Structure formats: structure tokens, C-alpha cells
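Visitor: Just to be clear, the model below is a prediction. Sequence and coordinates:
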Amino acid sequence: MNVLIVDDEPLARTRLKRLLAVDKSIVIKAEAANGNEALELAKKYNPDLIFLDVDMPGMNGLEVAHKLNRMPLPPAIVFVTAHPEHALDALQLSAAGYLVKPITEQSLSKVLDQLGRLNKAHVQKQQSAKISYQVAGVIKSVELDSIIYFIAQQKYTNMVFEGGEAFIEQSLKQLELLYPAQLLRIHRNTLVNKSKLLCLKTQNTGVHTIELVGCKEHLAVSRRELKAVKDILNA
């Protein structure tokens, strides 16, 4: 298992490396001292697991995790923190686990033992995920794999899927946090299913749009999200 360690404290990185050295199945590919380095090294090495410190100057660990979760095949993330109250935030970002400093051999061993089982359960949950909606008082559901895109419209979110569309109450932010491996933000008001991406087009005016499987409409891509879309298409 290839591992990336991210912590702004050199002593903390050294301690974790020493504890991990006991497990011969783990290969430490690199270590980063800040969020920007973490993102660069994650793209370079594509690690299976990242130990990610929450409290770092500049881009903190939660912000880094949010960006990592937008990768085509995001790594498993174990948050490392001196503050147990961050555990809830970690779980909301689909973390595989969290460790409270100072890390002990026992706590690390427990997280590693659970990691494979948690990842498998997480993948199965994502693959079988369904989103419910209501039509004329009747509750229906659609599989996540069948959804093409979501677009925010005032107080509700319009969900467009194969064979229809419906309004749901979940916000784009909530959906993005729940299904980071499947959904990609292309605009402040639009999330798309990564598996539906076909191509990116640039008009003479400089406007960027994407084509999606099963969607006749070309959806606008904001400049802010352009790189993320290109990364997915080039992966």
C-alpha cells in the first residue's frame, strides 16, 4: 500500500514514519509539509492512503481533503489531529478514519486494521447509492449511476437523470460531500456525474462547455472549475 504523509511538523512526520515502518506492506512514497505540496504529490504518486494533518497553516487538512476527493480515483484519507472535535468533519468528508495526536502504536494499528473493511463498505455504499425524490406525493428513487447532472435552482436542486428529472431538497454542497468520487463541480450552480463526461469544448468567445452522455444540452464550465474538468478528462 502506497502512503503519503502530510503534516507541517517534521517531528510528527518522523514519528508516524517510524510507527508505519513496522508494517512491511506499507511503502511511504513521499511526505508533504503543507496543503499545496500534498496536492502535487498526490497527483504525482497517486497514493492508496494519505495521513493528513488537519491543523496546517494556509490550506488546512479539511480543504486539502475536499480537493483530493475530486480526483478520478481519490485516495483513502486518515486525518491526524490534536483536536478530537474534528472527527465529525472528517467523517463528513468520507474519511477512512482519524488519529488523535500523539499517535500511539495501538491507535495506528486499529485504523489500519479497519481501513480495508471501511473502504470496501464505502465503495459498496457508493455503487448502490440511490437518491429519493417525490412526485405527486409518491416517493421514488433513482440510482446515482443513472443521474447525469444536478443544477441549483433557488431553494431546490434539479436532478436530471436518464429518462426524466425531479426536484430534490439536498443542496449541491451536501451532494458534493456525500458523493465525492462520483460527482464533479463544473460551475457554482452545477454538479455532473463524472462517468457521463464526454468532452470539453471552447467557443470562439472563450466560453467553455461540456458534453455529457445522455444530455443534449451543453453545460457551462466556469473558469474556476476548468482545471478540475480537464484533469478528469485527461486521467
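Guide: Looks like it arrived, so ask away.

Visitor: quick one: low-confidence ranges for the protein?
Guide: In the predicted model of the chain, residues 72, 85-94, 116-128, 235 satisfy pLDDT under 70.

Visitor: where do the helices sit along it?
Guide: Using DSSP state H, the helices of the chain run over residues 10-20, 35-45, 61-68, 87-92, 105-127, 172-178, 226-234.

Visitor: who wins for proximity to Ile77 among those?
Guide: Among the helices of the chain, the nearest to Ile77 by Cβ to Cβ is helix 61-68 (5.3 Å). Every C-beta, even on glycine, is put in place using the N, C-alpha and C of the backbone.

Visitor: got the buried residues for that closest one?
Guide: 61-62, 64-65, 67-68 (16 or more other Cβ atoms under 10 Å).

Visitor: now the angle from it to helix 226-234?
Guide: 50 degrees (axes from the mean of the first three to the mean of the last three Cα atoms, to 10 degrees).

Visitor: what sits up against helix 61-68?
Guide: 6, 35, 38-39, 42, 50, 52-56, 74-75, 77, 79-81, 86, 89-90, 93, 95, 180 (Cβ atoms under 8 Å, 6 or more residues apart in numbering).

Visitor: on that earlier part again, ranking the helices of the chain by mean neighbour count, which comes first?
Guide: helix 61-68 (a mean of 22; mean count of other Cβ atoms under 10 Å).

Visitor: Please state the offset of that helix from the chain centre?
Guide: 8 Å (Cα atoms, centre = their mean, to the nearest Å).

Visitor: With adjacent residues omitted, what lies nearest to Ala82?
Guide: Lys101 (4.5 Å; Cβ to Cβ, 6 or more residues apart in numbering).

Visitor: How about Ala76?
Guide: Ala96 (4.2 Å).

Visitor: Also Asn189?
Guide: Ala152 (4.3 Å).

Visitor: Could you measure from the one you found over to Thr190?
Guide: 8 Å (Cβ to Cβ, to the nearest Å).

Visitor: and what of Ala33?
Guide: In terms of Cβ to Cβ, Ala33 sits 35 Å off from Thr190.

Visitor: Of these two, which one has the most company?
Guide: Taking neighbours as other Cβ atoms under 10 Å, Ala33 and Thr190 compare with Thr190 leading, 20 against 17.

Visitor: Now for Lys44: which residues touch it?
Guide: Ala30.

Visitor: Also Ser195?
Guide: So Ser195 contacts 145, 182, 213 (Cβ under 8 Å, 6+ apart).

Visitor: most neighbours, which of those?
Guide: Highest neighbour count within those: Gln182, with 20 neighbours (other Cβ under 10 Å).

Visitor: Apart from its neighbours in sequence, what residue is nearest the residue most central in space within the chain?
Guide: Closest residue to the average C-alpha location of the chain: Asn69 at 1.7 Å, with Cα atoms, centre = their mean. Leaving aside its sequence neighbours, Asn69 sits nearest to Pro180 (Cβ to Cβ, 6+ apart; 3.3 Å).

Visitor: Got phi/psi on the residue sitting furthest away from the middle of the chain?
Guide: Computed with Cα atoms, centre = their mean, the residue of the chain farthest from its C-alpha average is Ala136, at 34.0 Å. As for Ala136, its main-chain torsions (degrees, to the nearest 10) stand at phi 50, psi 40.

Visitor: What about Val142, how many residues nearby?
Guide: 19.

Visitor: swap that for Lys24, sorry
Guide: Residues near Lys24, counting by other Cβ under 10 Å: 6.

Visitor: and what of Ile151?
Guide: So Ile151, with other Cβ under 10 Å, has 16 neighbours.
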